[in-house]
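>>> mind folding the following:
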Amino acid sequence: MYYRYYFDSTYVLVLIGVVISLAASGRMKSTFAKYQRVRSQRSISGRETAERILSNAGIYDVRVEQISGNLSDHYDPKHKVLRLSDSTYHSTSVAAVGVAAHECGHALQHAKGYAPLGIRSALVPAANFGSMIAWPLIIIGLLFTGETSSLFINLGIILFSVSVLFQLVTLPVEFNASRRALQVLGDSNLLYEDEMSGARKVLNAAALTYVAAAAAAILQLLRIVLLSGKRRN
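Residues are numbered from 1 along each chain as shown. Below you'll find the predicted structure:
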């Protein structure tokens with residue numbers, strides 16, 4: 001039974017998701033690396049970019065901190081901290097300026113009460129719990145029969161669906177942050193016009209990673225539903 005349910009044709013959905021995610025991640029890394037080698041003409045670092053954008057927007061309660069890692073940049077709305085990775089914080093590249101501006105886009109969303117950001121933040125605990133516990137529940141359900149089996153499987157599907165919902169809500173949040181970033185970079189002249197193209201490419205490549213993550217999550221949910229259908233049959 002274990003072999004029949006876990007090594008079947010539905011694995012093709014997982015493989016498709018993996019391929020999509022790897023392709024998007026590869027494109028993001030190569031695009032970032034390309035424009036990481038292009039110095040901004042104003043020689044402004046990622047940290048300085050973030051501080052200027054926040055200051056110009058009248059946001060003074062958000063700290064800008066350095067965090068270890070590569071492309072680990074993020075905005076923490078709970079603690080109002082904008083964390084820039086080693087590859088962004090001190091770098092004066094077009095890529096670093098674009099990424100820093102994108103994270104500032106999230107801070108701007110937070111300051112203006114952008115609803116999707118609030119929804120995503122509220123979903124984080126449930127999404128983390130759902131992604132962690134969904135598969136164990138489904139596996140337990142596959143080992144039983146009758147109503148007990150359906151109970152565990154359905155509960156697993158519901159919990160995993162929360163993770164999928166989180167990925168879907170993330171899309172408008174990230175796209176909107178990029179739009180805000182490009183607008184503020186243009187309005188504040190932090191990048192020259194010919195540099196804006198590079199920043200746009202970096203942010204577009206980053207957006208594709210979120211699209212890929214959402215697609216992979218949907219494919220995984222579809223696989224769970226198909227396994228559930230097979231089990232009931």
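>>> can you give the distance from the helix or strand hosting residue 186 to the centre of its chain?
Using DSSP states H and E, the element containing residue 186 is helix 146-188. Its chain's C-alpha centre and that of helix 146-188 lie 9 Å apart, by C-alpha atoms, centre = their mean, to the nearest Å.
>>> with adjacent residues omitted, what lies nearest to the residue positioned nearest the centre of the chain?
Centroid-nearest residue in the chain, with C-alpha atoms, centre = their mean: residue 210, separated by 4.8 Å. In this structure, residue 210 finds its nearest non-sequential neighbour in residue 174, 4.9 Å apart by C-beta to C-beta, 6 or more residues apart in numbering. Using the backbone N, CA and C atoms, a C-beta is placed for each residue, glycine as well.
>>> about what we covered before: next structured bit after the helix holding residue 186?
Next along from helix 146-188, by DSSP H and E: helix 193-232.
>>> what residues sit buried inside stretch 125-136?
Residues of stretch 125-136 classed as buried: 127, 130-131, 134 (neighbour count, 16 or more other C-beta atoms under 10 Å).
>>> do stretch 173-185 as well
Of the residues in stretch 173-185, those buried under the neighbour-count criterion (16+ other C-beta under 10 Å) are 173-178, 180-182, 184-185.
>>> thinking again about what came up before, the residue nearest to the centre of the chain contacts residue 170, correct?
Yes - assessed by C-beta atoms under 8 Å, residue 210 is found in contact with residue 170 at 5.6 Å.
>>> give me the residues contacting stretch 48-57.
Stretch 48-57 is contacted from outside by 44, 60, 62, 64, 82, 84, 96-97, 100-101, 103-104, 107-108, 111, 184, 188, 190, using C-beta atoms under 8 Å, 6 or more residues apart in numbering.
>>> return the distance of that stretch from the chain's centre.
With C-alpha atoms, centre = their mean, you get 23 Å for stretch 48-57.
>>> contacts only, for residue 188.
52-53, 56.
>>> just those residues: which are in helices?
52-53, 56 (DSSP state H).
>>> before we move on, the earlier item: of the contacts of residue 188, which is the most crowded?
Per-residue neighbour counts (other C-beta atoms under 10 Å) across the contacts of residue 188 peak at residue 53, which has 26 neighbours.
>>> if we can go back for a sec, buried ones among the contacts of stretch 48-57?
In the contacts of stretch 48-57, the ones that pass as buried (16+ other C-beta under 10 Å) are 44, 62, 64, 82, 84, 96-97, 100-101, 103-104, 107-108, 111, 184, 190.
>>> which two among these are spaced furthest apart?
96 and 111 (22.6 Å; C-beta to C-beta).
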